[in-house]
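Chemist: Give me the fold of what follows.
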Amino acid sequence: MGRAAVLTLLRSDAYLPLLQQLECTLRRSNPGVQLGVMMVPGELGAATLAWIDRNSLTRVEVPPLYYPNPFNPK
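Modeler: Residues are numbered from 1 along each chain as shown. As a prediction, the model looks like this:
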């Protein structure tokens, strides 16, 4: 059996409570699954980064995600 992980994107400190809820739910329901947090460097505050590190979550730095709209507005 392989290893499993959950990866989520956090773009603002305002969403830390949702990350905390996800971490708690994942820890209780699937204790062997690792949680990773994608983040854009410079977007999160020191308190949020400290919480991520304190809870042993994996930090994955990514460039800002951009999904262009292929349709022309009419």
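Chemist: any low-confidence regions in the chain?
Modeler: Scanning the chain for pLDDT under 70 picks out the ranges 1-2, 74.
Chemist: go with 80
Modeler: Applying pLDDT under 80 to the chain flags the ranges 1-4, 72-74.
Chemist: Tell me where it has strands.
Modeler: Remark: strands assigned in the chain by DSSP state E are 5-9, 34-39, 58-61.
Chemist: For Pro73, find the nearest of the ones you listed.
Modeler: Nearest of the strands of the chain to Pro73, taken as C-beta to C-beta: strand 5-9 at 26.4 Å. Yep, even glycine has a C-beta here, placed from its N, CA and C like the rest.
Chemist: helices or strands up against the lengthiest helix in the chain?
Modeler: Ranked by number of residues, the top helix in the chain under DSSP state H is helix 16-29. Using 3 or more C-beta pairs under 8 Å, 6 or more residues apart in numbering; DSSP states H and E, the elements in contact with helix 16-29 are strand 5-9, strand 34-39, helix 46-54.
Chemist: centroid residue for the chain?
Modeler: Closest to where the C-alpha atoms of the chain average out (C-alpha atoms, centre = their mean) is Val37, at 2.8 Å.
Chemist: So in terms of bridging, what pairs with that one?
Modeler: Beta-bridge partners of Val37, counted by DSSP bridges, are Thr8, Arg59.
Chemist: Who are the contact partners of it?
Modeler: By C-beta atoms under 8 Å, 6 or more residues apart in numbering, the contact list for Val37 reads Leu7, Thr8, Leu9, Leu10, Leu19, Ile52, Leu57, Thr58, Arg59, Val60.
Chemist: do the same with Pro64
Modeler: The neighbours of Pro64, taking C-beta under 8 Å, 6+ apart as the test, are Val40.
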